[in-house]
Structures are given as C-alpha cells and as structure tokens.
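could you look at this predicted model? Sequence included:
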Amino acid sequence: MNFKKLVVLGTMLLAGMAAFAKTKIVTTIFPEYDWAREILGDKVSDAELTLLIGNGVDLHSYQPSIQDIAKISNADIFIYVGGESDGWVKDALKNVHNKNMKVINLMEVLGDKVKEEEIIEGMQAEEEHEHDHGKEVSTFEDKEVKDRSLSDWEGDWQSPYPLVLDGTLDEAWAEKAEDGKMTAQEYKEYYKTGYKTDIASVTIKGNKITYTYDSGKSVSAKYKYVGYFIQLWSGGTKAAMYRFESTDKKSAAPRFIEINDHMIEPAKAEHFHLRMSNTSFDAIEDPEKYWPTFFPASMSGKEIAEHLSGGHHHHDEDEGHESEGHHHHHSSDEEEIEYDEHVWLSVRNAKILCDEICNKICEVDAKNTASYKANFSAYAAKLDKLDSDFAAAVNAGNTKTLLFGDRFPFRYFVDDYGLKYYAAFVGCSAESEASFETVVFLANKVDELGLKNVCQIESGNGKIAKTIIQSSKKKNAKILTLDSLQSTTTKDIKKGTTYLGVMQKNLDVLKEALK
C-alpha cells in the first residue's frame, strides 16, 4: 500500500473517530451539570458529562485536584460560576490542551443581574471578630486539648456579680449597646443572669481552693484533677471544661467543679468561669445560661468595666460563642466589591443560563442543534411553570418574610418574588457560630413578626435555629430546611435528584414557611 493511500485511510479514520467522539462537558456544581444533562436529552450518552464538585463539598471550600485540572484541560465545554470561590479557574485555563474550548462563566452571562453581597440588619458581619484573643479559642480539634493543673488559676479572684447589681458596670453595657443589637438594659440583664453567684471571692493555692461567700463564711477543700470535658455550645463552638473533684469528703466546699477560661492548654488565666455541684459533674447547671465568672482581686470595678467593653474581651458563652472570622466583606469604596455567587437559586436566572449552555453545546455539536433547541424549549417551559408557582405561593402566603438561623444563599430567589429576609450570616460566610446579639435579634424578629418557622439550609446542623426558637417568647416555631443545591452528591444524582426536583421541594417548604 503506497503512502497516499495510507494518508487517505488515516484521514478517513480520524474523521470517523471525530464523528463518534463524545462531547466533553465539565461542570463545577450540580445545577450546571443537571442543566447540561437536560439539554443533551437522549444525546447524553453521546457526551462525556463531568461534575467536579460531587462529594458534598461546598463551592466555597472546593479546590481542584490534578485530575480535575486534567479534565478541564481536555474539555470541549467548561462551565463554572465565576465568583470569588472560583479564583483558581484563571490559572486552570492558562494552559488547556483544547484551544477551541467553550467557556461559560455564569456570572458573566448574567451581567448586570448579578447582585452584590449584602449585610442586612441583624446579620453577623465577620468584621465583628477581628480581635486579638491571644490563646483564647472557641474552635479547635479535640486532640489539641491539653491537661492542666490548678496552678494555672492560682491567686486571689473576685466575682463581678456585685458590680452588676450596684451599677458599676453600667458603662460597659452602654458601650456594648452602641452597636444597636441590644440595649444597655438587655446586656445588664443577660450578664446579671450569667454572673449570678453567692460566692464573693475565690483563692487558689496549690491544690487547695478557698471559697468566701457573701455572708462572710469561708470553706476550703483540696482538689484532684480528673480530666476535661468538651462542651459543645448551641452556637456551634466549643470549650474545654477542666474538671476537679474534692478529696476532702468532710468539707462543705463544692465537691465537683469545672473551670473554663477559653484556653485549651496550660496558661495563666485572665479570668475564668467556675461551675459546681455537690452531686456530680452532670448535675452542674446549664453552662450556657449560668457562668459565674471571676476576675483578679486586684482589678478595680472600672478596670473590669473597661475589660468587658474593650475589643480584647472574648467569652464563648457570655459573648454568644464568637470566633475568628474567615471571610471579610468589603465596605470601603476603595476595596473590591464582593458579589453573591448563588445565582442558580433563581429559576429566572436558570432559564437564561440554560439558554447559553444550549448555544454552546450547539456550537460544538451542530448536527444535533434541532434536538438540543427542542430540549431547551421544553425545559424552559418547566422553569417558567415553577417560576409562576413560586410567585403564586408568595402571593398566597400570610407573611412575606423568611428568617434563617444559618447562612443565607437565597438572595436571588427572594428578590425575584419581593420577599424580605433576616439571617445570621451572608451566603458565602464560613461562620457557623452566631453571636448572642445575633441570636437575640433574630429571636425578637420571630416574636415581632409572629413567625411560625425558622429556616436553615441543607447543610445546617440546626443548632442556631434551635437557639433562636428557644430564645423567642413562644418557643414553638418549627425548623424548615431549604435546599441551596450546594451539597448534592453523585450518589444523590444516581438516586434521581434533579434541579427541578429540588426546587419543587423548596416550593413546598416555602408554602409552609410563609403560613
């Protein structure tokens, strides 16, 4: 066989392979994947459709593997959201193998329909946590906790409870109230409950603790360290409770005590919380409601007030489980504006985005254009129907407000239908620990608006929602879950999960939430 015939046969073979080559479509999140699947329709088997984030990892936490980058490099079509969480995409696209790749950036497609992140009234902004707390921690791995001895708290200590009662600390409550989330009186009542104790002072020396009561009576006992207990707070943080048991059986001093100073390893404390029981450790009163606190006896009332109102003060339980922030929202005109990435939660946006996906698939596989266009038209009609159903549900609702004890990724959704909302955090927040002020604000909104439900997203653990409900007057609101489509896995897909199916369930939840 001569060379010319080999070239002809080779060309024919390549043409044949090209004709049967599958269109490679790589998507980052489930909605993109499902939209492409719907548009492909019965041609889906002729395509190689890939979902990169299919293990339940949140978009905001995802980082591509080497294998993921390789899939993108060889793709015919690559679809991604285009927000701050996709900062890695620019580098991934620099050296792609397929120079004819079609790239769809959802946020670019939507153009001026993209919304800025917003922090609304009562929402916890991460700037609130930009304080230096030294070794004080509220988020940690259990294995990081170290054993400690009483020597960490050695010295003379006083209770600030009398200072709450006599008004010495009123200046601190006034300064705290300047943020507008709670009044000075509400702060005072809160600390009045938390600090309450009949122990005026504590002296710790060696393994001996002496308690002096308001009556003037003093009792002492020696204690042995029996280990620590990890306390999980309702706001999502935790603390190490160091436990000591009295070895003086005849002493009138408390037998079982727990000490917490927000630290998890040996260190000298600036203050500490002391809880006790004569029955058992399990019998110690609710540590989220009562946290008798002790400051150095050398501190004046004014110094304690300054400490409480100052930026360095940090209590997990008495400051609502605050922690260091991870993601900052810009407010200065000179800083970069942050945009809300959760564009897929608007079915109106979905229709626009599906149209663009359809166009790009048609460009890559022109011979099946008619089929893809027909599939898009049918799917768009379903989106329109769902849009109408959402609007009807909102019109029929008794309230026009949603309240989330969680992150809030539904900005595009509520704006479509004129709903108002309150939430603990913005949609992209890495926070999971609501401050006391945020919980109180949201609980007050439940009362003020007569809301029967508190919402969370599908990845929520319900702790903040439960705390909000328990902090409300009636304490009878229900917790409802709206699915933000950020935790869908490949297993869910195999079980039949679809974008329309999830949004239909959200419709059912919305109807209940607006009752």
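Noted; the coordinates are in hand.

in the longest helix seen in the chain, what counts as buried?
Longest helix of the chain, by residue count under DSSP state H: helix 369-396. Within helix 369-396, the residues that count as buried by 16 or more other C-beta atoms under 10 Å are 371-373, 375-376, 379-380, 382-383, 386-387, 389-390, 393-394. In short, each C-beta sits where N, CA and C put it, glycine included.

what segments of the stretch 251-400 of the chain are helices?
301-309, 347-364, 369-396 (DSSP state H, counting those that start in this stretch).

from Ile493, how far out is Asp46?
19 Å (C-beta to C-beta, to the nearest Å).

swap in Lys382?
With C-beta to C-beta as the criterion, Lys382 and Ile493 are 18 Å apart.

tell me where the model's unsure across the protein.
1-20, 125-139, 179-181, 234-237, 310-336, 430-432 (pLDDT under 70).

let's go with 50 and repeat that
Within the chain, the ranges that satisfy pLDDT under 50 run 1-4, 6-19, 127-136, 311-335.

and the longest strand for it?
strand 218-232 (DSSP state E).

report the buried residues of it.
Here strand 218-232 shows Ser220, Ala221, Tyr223, Tyr228, Phe229, Gln231 as buried, counting by 16+ other C-beta under 10 Å.

now, which of those residues sits nearest Lys238?
Gln231 (6.0 Å; C-beta to C-beta).

report the contact partners of that closest one.
Gln231 makes contacts with Lys238, Ala239, Ala240, Met241, Asn260, Pro287, as judged by C-beta atoms under 8 Å, 6 or more residues apart in numbering.

now, those residues that are in strands?
Judged by DSSP E, the contacts of Gln231 include Lys238, Ala239, Ala240, Met241, Asn260 as members of strands.

pretty sure Ile469 sits against Lys475.
Yes - the pair Ile469 / Lys475 is scored as a contact, 5.9 Å apart, by C-beta atoms under 8 Å.

between the two, which one's more packed in?
Ile469 (22 against 12; other C-beta atoms under 10 Å).

for His97, give its distance to Ala366.
Distance from His97 to Ala366, by C-beta to C-beta: 22 Å.

likewise Tyr62?
Taking C-beta to C-beta, one finds Tyr62 at 33 Å from Ala366.

which one of these two is surrounded by more residues?
Comparing Tyr62 with Ala366 by other C-beta under 10 Å, the one with more neighbours is Tyr62, at 17 against 9.

ok, the closest residue to the more buried one other than its chain neighbours - how many residues close by?
Closest residue to Tyr62 apart from its sequence neighbours, by C-beta to C-beta, 6 or more residues apart in numbering: Ile53 at 5.1 Å. When neighbours are defined as other C-beta under 10 Å, Ile53 has 23 of them.

so what does Ile53 look like in phi/psi?
Note on Ile53: its backbone torsions stand at phi -100, psi 80 [degrees, to the nearest 10].

which residue ranges of the stretch 101-250 of the chain form strands?
Applying DSSP state E, counting those that start in this stretch to the stretch 101-250 of the chain gives strands spanning 102-105, 155-158, 199-205, 208-213, 218-232, 238-246.

and of those, who's closest to Arg148?
strand 238-246 (5.4 Å).

what does that closest one rub up against?
138-140, 145, 148, 150, 221-233, 253-260, 262-264, 275, 281, 287, 316-317.

direction included, what does that strand pair up with?
strand 218-232 (antiparallel), strand 256-260 (antiparallel) (DSSP bridges).

got these as TSV, with distance to Gly111 columns?
What follows is those, written out as TSV (distance: least, C-beta to C-beta, whole Å):
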stretch	distance to Gly111
strand 218-232	45
strand 256-260	52
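
which one, of these, ends up nearest to Thr27?
Of the strands paired with strand 238-246, nearest to Thr27 by C-beta to C-beta is strand 218-232, at 36.5 Å.

I figured Leu482 hits Ile457, correct?
Yes - Leu482 is in contact with Ile457 according to C-beta under 8 Å; the separation is 6.2 Å.

tell me the contacts of the spatially closest residue to Ala380 that is not a sequence neighbour?
Nearest residue to Ala380, sequence neighbours excluded (C-beta to C-beta, 6+ apart): Lys351, at 5.3 Å. Residues counted as contacts of Lys351 (C-beta under 8 Å, 6+ apart) are Ala380, Leu383, Asp384, Asp387.

state the distance from the third one to Val347.
This means Asp384. 8 Å.

give me the number of residues near Asp214?
So Asp214, with other C-beta under 10 Å, has 13 neighbours.

the longest strand of the chain vs strand 199-205, what angle?
90 degrees (axes from the mean of the first three to the mean of the last three C-alpha atoms, to 10 degrees).

now the helices for the stretch 401-515 of the chain?
Using DSSP H, counting those that start in this stretch, helices in the stretch 401-515 of the chain cover 411-417, 436-449, 463-471, 490-494, 499-513.

hang on, the earlier thing: in CSV: the contacts of Gln231, plus neighbour count and distance to Glu303.
Shown next, in CSV, are the contacts of Gln231 (neighbours: other C-beta atoms under 10 Å; distance: C-beta to C-beta, whole Å):
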residue, neighbour count, distance to Glu303
Lys238, 20, 29
Ala239, 28, 25
Ala240, 25, 27
Met241, 19, 27
Asn260, 23, 22
Pro287, 19, 26
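
thinking again about what came up before, can I get the strands of the stretch 101-250 of the chain in JSON lines with distance to Tyr339?
Shown next, in JSON lines, are the strands of the stretch 101-250 of the chain (distance: least, C-beta to C-beta, whole Å):
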{"stretch": "strand 102-105", "distance to Tyr339": "12"}
{"stretch": "strand 155-158", "distance to Tyr339": "50"}
{"stretch": "strand 199-205", "distance to Tyr339": "52"}
{"stretch": "strand 208-213", "distance to Tyr339": "55"}
{"stretch": "strand 218-232", "distance to Tyr339": "34"}
{"stretch": "strand 238-246", "distance to Tyr339": "33"}
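
looking at these, spot the one closest to Lys360.
strand 102-105 (4.4 Å).

buried sites along the closest one?
For strand 102-105, the neighbour count (16+ other C-beta under 10 Å) marks Lys102, Val103, Ile104, Asn105 as buried.

adjacent strands (with direction) for it?
strand 77-80 (parallel).

how far is the partner strand from where the chain is centred?
Relative to its parent chain, strand 77-80 has a centroid offset of 27 Å by C-alpha atoms, centre = their mean, to the nearest Å.

ok, stretch 23-41 next?
Using C-alpha atoms, centre = their mean, the offset of stretch 23-41 from its chain centre is 27 Å.

likewise stretch 85-95?
The answer for stretch 85-95 is 25 Å, by C-alpha atoms, centre = their mean.

same check on stretch 498-514?
21 Å.

kindly report the same for stretch 448-461.
14 Å.

and that stretch, end to end?
25 Å (C-alpha to C-alpha, to the nearest Å).

what does that stretch rub up against?
By C-beta under 8 Å, 6+ apart, stretch 448-461 touches 58, 236, 399, 401-407, 409, 432, 442, 445-446, 462, 464-465, 468-469, 476-484, 486-487, 509, 512-513, 515.

buried among the residues you listed? Need that as a selection in PyMOL.
Restricted to buried positions by 16+ other C-beta under 10 Å, the PyMOL selection for those reads:
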select buried, resi 58+236+399+401+402+403+404+405+406+407+409+432+442+445+446+464+465+468+469+477+479+480+481+482+483+484+486+487+509+513
